[in-house]
Structure formats: C-alpha cells, structure tokens
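A.B. asks: Can you look at this prediction? I've put the sequence above it.
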Amino acid sequence: MTSAGRFAPSPSGELHVGNLRTAILAWLFARSTGRRFLMRVEDLDRARAGADAEQLRDLAAIGITWDGDVVRQTDRGTLYTEAIGGLTAAGLTYECFCTRREIQEAPSAPHAPQGAYPGTCRELSAAEREAKRAVRPAAVRLRSAVTEATVHDVLHGSYTGVVDDFVLRRNDGVTAYNLAVVVDDAAQGIDQVVRGDDLLPPRPGRPTSPRC
Ligand SMILES: [Zn+2]
C-alpha cells in the first residue's frame, strides 16, 4: 500500500475557515510529497443530515481533489469491533462503569493531568463487574501500558503528550473517535497527519491558529 495523507471532517455543520485551512494544507503536504490524498467522513457522532454533501461540495469548490471513494466511518463498524475484540483477547481492555461526574470527583493519581482517567475500574473483580453491569452499561477502556507518548511534528518538532486509559467504546455502544481514527489510519496507509495546532501548549511568539 502506498503512503497517504488525509482530511477527515466531522459532518456536524458547515466547514469553517479553520477546517478549510487544514484541508488545503493536508492536500498540499500529501500531493507535494507524492502521497495519495484520502477523504474520510468521521460521522460516528454529531452527524447532521446532509452536512457531509455540503462539506464535500465546498472542498471541491476550492480545488481539493481526493483519491478513491469517500470513506464513512459509519460503514466501518465491523473493523472497529474486530479491533476492540483483538485488544480484549490480548487482555488490553477493561470495562468502565464510571459516570463523567465520578471521574471528575475521583482523587487523581499523583502527577496525573486534569481530566485523566483515575483508573477506578482497572482492577474490578468479576463479581464487582457483574454487580455494576446490572446498574449501567459499561464503556470499554484501553489498559494502557504507558503514561505518555512522543510524536515528531514537521513544524513543531518533538512533542510529548499524556496517555491515559482512554475510552475505545462508549457506554452507549458508539465506537470512540480515539479508536476509530487509529484503525482507519492504519487500514488506509495514512503516514502523514496534518491538523491544527490547538492541542499544543501555547508558546511565546507562536500565534494561535483557528481550532480545527
Ligand atoms: Zn471506571
């Protein structure tokens, strides 16, 4: 499989200027480095009827071209189920019964960043899980073996971010974006990701870009 870049809009409404900026840059980075450029609609959540057609029309209108058919995440549920099944078979997932509020109010581990999952359900016994299943459905979390990961960004250099036991499948059964985007990037041969820099910490002298 040849390497590829991509643009992956969420069809929640019209594309805004930050989305268009990212789309143009992603297209230019891919095309100028001999990669395929793929279009993926991330419609697992927050989709508004008709928004994807409007977005694709707007992208075409500013000269964005893509290779092959548009991929929609709602057509790929089997792939996500298989990925979670493989991780579960390897002992790398666990059920989590916490509400958002319980996570916010739980004492966090030392040095854990705000909002990181505190690990409440990591070591529940089979009996505890069974009792909790009777009260509310479980989300599925990754049993992460690391607490941080480093990526290399072409513009910003090395960046190290926090990794916690993030959600793979929400307790309403919807595959989490965190899982779907990785499964799709791997399956599609994506080796170049262009996105806004809104997740980077502010640095002196670095202008902030539109969120996208
Ligand atoms: Zn939990």
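C.D. replies: Yes, it's here.
A.B. asks: how much space is there between residue 98 and the ion?
C.D. replies: In this structure, residue 98 and the ion are 3 Å apart, going by C-beta to the ion, to the nearest Å. In short, each C-beta sits where N, CA and C put it, glycine included.
A.B. asks: just wondering, since we're on that residue, how far is it from residue 117?
C.D. replies: 8 Å (C-beta to C-beta, to the nearest Å).
A.B. asks: near the ion, anything from the worst-scoring helix or strand of the chain on mean pLDDT?
C.D. replies: Here the helix or strand of the chain ranked lowest by mean pLDDT, DSSP states H and E is helix 100-105, holding a mean of 87. No - remark: helix 100-105 sits outside contact range of the ion, by C-beta under 5 Å from the ion, the gap being at least 7.0 Å.
A.B. asks: in this protein, which spans are helices?
C.D. replies: With DSSP state H as the criterion, the chain has helices at 17-32, 51-61, 77-89, 100-105, 126-133, 177-187.
A.B. asks: which parts of this structure sit against the ion?
C.D. replies: So far as C-beta under 5 Å from the ion goes, the chain lies against the ion at 96, 98, 120, 121.
A.B. asks: Show me how to select, in ChimeraX, the buried members of those residues.
C.D. replies: Buried residues within those, by 16 or more other C-beta atoms under 10 Å, are selected in ChimeraX with:
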select :96,98,121
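A.B. asks: from the residues of the chain next to the ion, which ones fall inside strands?
C.D. replies: residue 96 (DSSP state E).
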